[in-house]
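J.: What follows is a predicted structure for the sequence shown.
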Amino acid sequence: MMRRMTLKTMIAATVAMTFAAGACSDSNDSSVPKVSKTTIPPEDRKPTTLTLWSSFGDTETIDAFKPMLDRCHKENPWLTIKYVGKDEIDTALPAAAEAGKVPDVIQADLSGGLAALEAADIVLPLDEYADRDGLDWSTFTPGSEKLVTFNDKHWAIPFSVDTAALFYNQDALDEARIDKPPATFDELKDAAEKLVERKPDGSIERIGWVPDVGDGSFAMGMGLLFGGTTFSQDGKKVTLTETDAWKKSFVWQKQFYDLLAPKDKLTRFFDSLGSYDSSENFFITGQVPLYLEASYFVTWPERFGGGKPERWGVTPMPGPEGVADAEDFSIIASGNFFLIPTKAKDPDASWIAARCMASAAKEIAEFQEFNGNIPALVGALDLFEESVVKKTPAFETFIDLARSPKAVVPASGVIINTLTDEVTQLALDFRDGKIAEDDLDGELADLESRLQDELDLELGG
């Protein structure tokens, strides 16, 4: 199994970390290693074994990852990287830091957690290493660099990105006499109406499109689509009411659920859906023929569906102004990257290992072809595009979005988990009719105020 992450766990940083106070230390602590001006020449290095914690734990994915390790071992004969598949790194890492037993390198998706990483002083900023060794951040896609940057520092080296787009079942569209996948909000609403199928008793057999299948998991992503923000760039201010984007997003989302009233029948439909990561996935079975998801999902019709649905494709998700050119806008839902713990036993060796893995263009392209994510390294992305698009044209949409110079990424803040939960609950309450539209402005303002108080407290303000 690849991983059980839908867009709900990627968009808007729902995997961000809020670390326990016991894991924190003074950012000026003399124990933080200083970067030397030169590295030790390879021939003078003693044999060193580093432990890599990776979020990929299944056997097939580990096997696909190993060529990157083999390359780094060959280029650095003194180095051995011990691969350890690790579940829930976002919680395992602070616990390991508190216990003084951190790994030497981490590969994970900790999108949106950079503010917490800085506050807890658990991983190293990498700019001094990059400056010393001439790492050019422009060798990575613009969105992936944004993803590893917080407060004007780079905290990781990009590995892959997840871009989001609209999957469509062409057979279902043809059946509903829809000529092409939706390219505007009006077309999406029209398709959502035409694709609904009900049984004689009124129960729902098929829906057209909804932002998420019942749990509010896409509420944050839709806010980004409308231009909503969560935190200021320095992570010190909650910005839910800077514009009316969040309100517009909530109102727009609700109409798709209203199409499927009464609520009890919609709830029963959602409850009837099969396992997300199986042949019973609702897109594979045709129960949800329009579905917003990240790039790895491209591999699932073959991986789980045995070729079903037979005719499907991917198109950019329309926004309020229609489909935006990738040159002007895209959403990077999340991404994987390499980090170095502050307490790693040999940070310089960890840097060499992380940089080596993150720059192995051929091996990265091959790994991401298996894994379904989009390489962050431009050289690897070029190889990936040359290889996979011939076999799976749907990847081209995600590649174009990944290259966007104006990609939007999840904001980072130390209370991102709380903010995500609260915004999602507000969206659900409004969707369920518990909050009137006229009251949304006040609810958002109250929520922003409460969250700002919590943020100030966490930051010691």
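T.: Received the coordinates, thanks.
J.: centroid residue for this protein?
T.: Closest to where the C-alpha atoms of the chain average out (Cα atoms, centre = their mean) is Ser334, at 2.0 Å.
J.: can I assume that residue sits in a strand?
T.: Yes: counting by DSSP: H, G, I helix; E, B strand; the rest coil, Ser334 is located in a strand.
J.: now it, which residues is it bridged with?
T.: In this structure, Ser334 bridges to Asp162 when assessed by DSSP bridges.
J.: Now do stretch 383-401, average pLDDT.
T.: Regarding stretch 383-401, the rounded mean pLDDT is 94.
J.: buried sites along it?
T.: Buried residues in stretch 383-401, counted by 16 or more other Cβ atoms under 10 Å: Leu383, Phe384, Glu385, Val388, Thr392, Ala394, Phe395, Thr397, Phe398, Ile399, Asp400, Leu401. For the C-beta atoms, the positions are set from N, CA and C on the backbone; glycine is no exception.
J.: residues contacting the first one?
T.: So that's Leu383. Ala361, Lys362, Ala365, Pro375 (Cβ atoms under 8 Å, 6 or more residues apart in numbering).
J.: Those: which two are farthest apart?
T.: Within the contacts of Leu383, two members stand farthest from each other by Cβ to Cβ: Lys362 and Pro375, at 10.6 Å.
J.: Looking at these two, which one has more neighbours?
T.: Pro375 (29 against 14; other Cβ atoms under 10 Å).
J.: tell me the domain ranges of this structure?
T.: If you go by automatic domain parsing, the domain ranges for the chain are 7-162+332-408, 164-315.
J.: With distance to Lys434 as extra columns, can I get these in CSV?
T.: Below are the domains of the chain laid out as CSV (distance: least, Cβ to Cβ, whole Å):
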stretch, distance to Lys434
domain 7-162+332-408, 21
domain 164-315, 12
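J.: who wins for proximity to Glu443 among those?
T.: Here domain 164-315 is closest among those (Cβ to Cβ), at 9.2 Å.
J.: chain center to the closest one, what's the gap?
T.: 17 Å (Cα atoms, centre = their mean, to the nearest Å).
J.: just to revisit the earlier point, from the contacts of Leu383, which land in strands?
T.: Among the contacts of Leu383, DSSP state E puts Pro375 in strands.
J.: now, among the contacts of Leu383, which is nearest to Ile122?
T.: For those, the nearest to Ile122 is Pro375 (26.5 Å; Cβ to Cβ).
J.: in the stretch 301-450 of the chain, which spans are strands?
T.: Under the criterion DSSP state E, counting those that start in this stretch, strands of the stretch 301-450 of the chain are mapped to 312-315, 330-339, 374-375, 407-408.
J.: same deal with the stretch 51-200 of the chain?
T.: 79-85, 105-108, 149-150, 153-154, 157-169, 197-198.
J.: which other helices and strands contact the fourth one?
T.: This points to strand 153-154. Judged by 3 or more Cβ pairs under 8 Å, 6 or more residues apart in numbering; DSSP states H and E, strand 153-154 is in contact with helix 127-133.
J.: Quick check: buried residues in the helix it packs on?
T.: For helix 127-133, burial by neighbour count (16+ other Cβ under 10 Å) applies to Asp127, Glu128, Tyr129, Ala130.
J.: pretty sure the last one is touching His154, no?
T.: So that's Ala130. Yes: in terms of Cβ atoms under 8 Å, Ala130 counts as a neighbour of His154; the distance is 6.5 Å.
J.: so what's Thr91 scoring on pLDDT?
T.: Looking at Thr91, the pLDDT reads 87.
J.: Tell me, how many residues neighbour it?
T.: By other Cβ under 10 Å, neighbour count at Thr91 equals 12.
J.: same thing with Glu75?
T.: Neighbour tally, Glu75, other Cβ under 10 Å: 13.
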